[in-house]
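S.K.: fold the following.
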Amino acid sequence: MIPSLAGRVTAIVFEPRSFSDASSFVVWVGTRDGVVLRIDGETTRAFRAFPSSAVRTLTFSADAASILTSDEAGTVSVRRTADWLREDDFTSTQPISRAHILGERAYATIDVRRNGFIWSPDDGGALVADPICVDGVKPAAFDDFGAAPLGNRFTLRSSLNWMLWDRPSNRVTSTKGPVDGSKLAYMSGITGLSETGGYFFIHWDELKVFDVETAKRVWDSTIVRGASCAALSDDGNVLIVGGREGHITVVSGPSLPRVSVRPTADEIERVTLAPDASVVCWLDDSGGFGIVDATSGAELVTRARGLELVG
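M.R.: Model (predicted):
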């Protein structure tokens, strides 16, 4: 670990269009001093996102033509990926925990107080926030969301349950809760959604993956001990689990062998999957990051190399 860079990396995302195989990837990294870096092999380009505050979130549009960044104060900036020219700016009253680019000048966000909003221009062209609601009137409270490719249907996750939300009507169309929390033995666990919200997972007493439309269990397995975070592939077939002691474990369904590697001694804070689930990026709680091949467990970017790239 390089002491001068401790805690430097705060956010990371894969560039969607860059993937062809496990050795071909482009990642974008956000840092604590407001800089965003594009890392393509040995080439690194740096862009200033915010004057001094840390980058909290990074997300791409579906075609990767635009990238959205937010900072710890709730300031949001949308830039053109190719040349970093500004496309939009707006400010949330709270820090944003997840964002999604729905289309031209249309965005979805959820903040740290579990408030979800759709941002779009008013008659004067300024971006305004409309709350994501249960019934068109009452705001919905939820922890995270996944958005379908066209942006008209969201899956809203709330602890052990999820809601299917229709954007045109601004209403929740159904609520699913196949897991009975009163029957869980452990006091804590992890739940989450695939990127576009088609699948829900729970990593608690057991590992279970559900189809969100039907609430039917797709597959299950035993949990990974000492888990600190997890991410599910968009097809629901692969779960990446980060551990408190620095392990990354790849669970590919109930029958295939698990792949496990320990690329850091620090607790894994976040794991992110490439769109094709072939590559995993991890971020630890000291600000280090690296990239692992999800099939073999090979370290494509070690922690030491990651810190060199952002240095």
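S.K.: what is the end-to-end distance of stretch 106-120?
M.R.: Distance across stretch 106-120, first residue to last, is 5 Å (Cα to Cα, to the nearest Å).
S.K.: ranges for the helices of this protein?
M.R.: With DSSP state H applied, the chain shows helices at 303-310, listed in chain order.
S.K.: how many neighbours does residue 34 have?
M.R.: By other Cβ atoms under 10 Å, 20 other residues sit near residue 34. The C-beta positions use only the backbone N, C-alpha and C, and glycine is treated the same way.
S.K.: quick one, phi psi at it?
M.R.: phi 80, psi 10 (degrees, to the nearest 10).
S.K.: roughly how far does it sit from residue 161?
M.R.: When distance is defined by Cβ to Cβ, to the nearest Å, residue 34 is 36 Å away from residue 161.
S.K.: likewise for residue 128?
M.R.: For residue 128 relative to residue 161 (Cβ to Cβ), the value is 29 Å.
S.K.: between those two, who's got more neighbours?
M.R.: residue 161 (17 against 13).
S.K.: run through the bridge partners of the more buried one.
M.R.: With beta bridges defined as DSSP bridges, residue 161 has these partners: residue 158.
S.K.: list the contacts for residue 190?
M.R.: Residue 190 sits next to 201, 202, 203, 204, 227, 229, 230 when contact means Cβ atoms under 8 Å, 6 or more residues apart in numbering.
S.K.: which of these tops the neighbour count?
M.R.: residue 230 (25 neighbours).
S.K.: next up, the contacts around that one.
M.R.: Counting by Cβ under 8 Å, 6+ apart, residue 230 has contacts 190, 192, 201, 203, 239, 240, 241, 242, 271.
S.K.: what do you get if the cut-off is 7 Å, keeping everything else the same?
M.R.: 190, 192, 203, 239, 240, 241, 242, 271 (Cβ atoms under 7 Å, 6 or more residues apart in numbering).
S.K.: how far away is it from residue 24?
M.R.: 25 Å.
S.K.: picking that back up, so which of the contacts of residue 230 is the closest to residue 251?
M.R.: Checking the contacts of residue 230 against residue 251 with Cβ to Cβ, the nearest one is residue 239 at 4.5 Å.
S.K.: quick one: residues contacting that closest one.
M.R.: 201, 207, 230, 232, 251.
S.K.: okay, the residues you listed in JSON lines with distance to residue 117 next?
M.R.: JSON lines is the format used below for these (distance: Cβ to Cβ, whole Å):
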{"residue": "201", "distance to residue 117": "25"}
{"residue": "207", "distance to residue 117": "32"}
{"residue": "230", "distance to residue 117": "26"}
{"residue": "232", "distance to residue 117": "24"}
{"residue": "251", "distance to residue 117": "34"}
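S.K.: which members of those are positioned in strands?
M.R.: 201, 207, 230, 232, 251 (DSSP state E).
S.K.: could I get the contacting residues of the first one?
M.R.: So the one you mean is residue 201. Here residue 201 is in contact with 191, 192, 208, 209, 232, 239 (criterion: Cβ under 7 Å, 6+ apart).
S.K.: before we move on, what about the fourth one?
M.R.: Contacts here follow Cβ under 7 Å, 6+ apart; on that basis residue 232 touches 192, 193, 194, 199, 201, 209, 239.
S.K.: which members of these are the farthest-apart pair?
M.R.: Pairwise distances across the contacts of residue 232 peak at 11.8 Å for 193 and 239 (criterion: Cβ to Cβ).
S.K.: bridged to the most centrally placed residue in the chain, which residues?
M.R.: The centroid of the chain falls nearest to residue 272 when counting by Cα atoms, centre = their mean (6.4 Å). Per DSSP bridges, the residues bridged to residue 272 are residue 281.
S.K.: my guess is it contacts residue 279, does it?
M.R.: No: Residue 272 lies out of contact with residue 279 (Cβ atoms under 7 Å); the separation is 9.3 Å.
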